[in-house]
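In: Have a look at this fold, sequence not included:
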């Protein structure tokens, strides 16, 4: 089996991450975690439709959340269940280089992973639609960070698109379970 995805991409920086981050992004073949997330996003029709196409969560406070991660040679499948929506993505290493690709439906996002203290800062680098590269400016701003707080895995994601505004933002915490 290939090296685990996140440790391979982060190299020596991996060891400085908080234990909850290493547990979620490590080498266990399967991880299940439960927690809670606050989700925000624009309420106009185009934003709601795009969220639905991409499988992104609907806005709502204190939503129960479950994440299941399945690790396979060369990729990971992440299934996030928010209160009212299921979000599936496939994470893999770029064919050349040290970038992470996350595919959400027809869109693939490209990230460089960096350590920020004991957290992972996902630096957005661009993306594609159905495999065709799109101009970076079309993706607006994407903020993504995963870290730890009070012994829990924590995350903060905020995506804003030109003309649409905030597509989705969610932040919260997860605790791995044994089941």
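Out: Now that the structure is in, tell me what you want to look at. Being a predicted model, the structure only gives us computed values, none of them experimental. Residues are numbered from 1 along each chain as shown.

In: pretty sure residue 66 contacts residue 32?
Out: Yes. Counting by CB atoms under 8 Å, residue 32 is a contact partner of residue 66 at 7.1 Å. C-beta here means a position set from N, CA and C on the backbone, and glycine is covered the same way.

In: So, low pLDDT: which residues of this structure?
Out: Applying pLDDT under 70 to the chain flags residues 1-2, 178-179.

In: Select the longest helix from it.
Out: Taking DSSP state H as the criterion, the chain has its longest helix at helix 45-54.

In: which helices and strands sit right next to whatever helix or strand comes next after that one?
Out: Sequence-wise, the next helix or strand downstream of helix 45-54 (DSSP states H and E) is strand 60-72. Packed against strand 60-72 by the contact rule (3 or more CB pairs under 8 Å, 6 or more residues apart in numbering; DSSP states H and E) you find strand 30-40, strand 75-82, strand 165-177.

In: what's next to the first one, contact-wise?
Out: Outside strand 30-40, the residues that touch it by CB atoms under 8 Å, 6 or more residues apart in numbering are 23-24, 57-71, 82, 152-153, 155, 166, 168-177, 179.

In: Can you flag the buried ones in those residues?
Out: In those, burial by neighbour count holds for 23-24, 57-60, 63, 65, 67, 69, 71, 82, 152-153, 155, 166, 168-170, 172-174, 176, counting by 16 or more other CB atoms under 10 Å.
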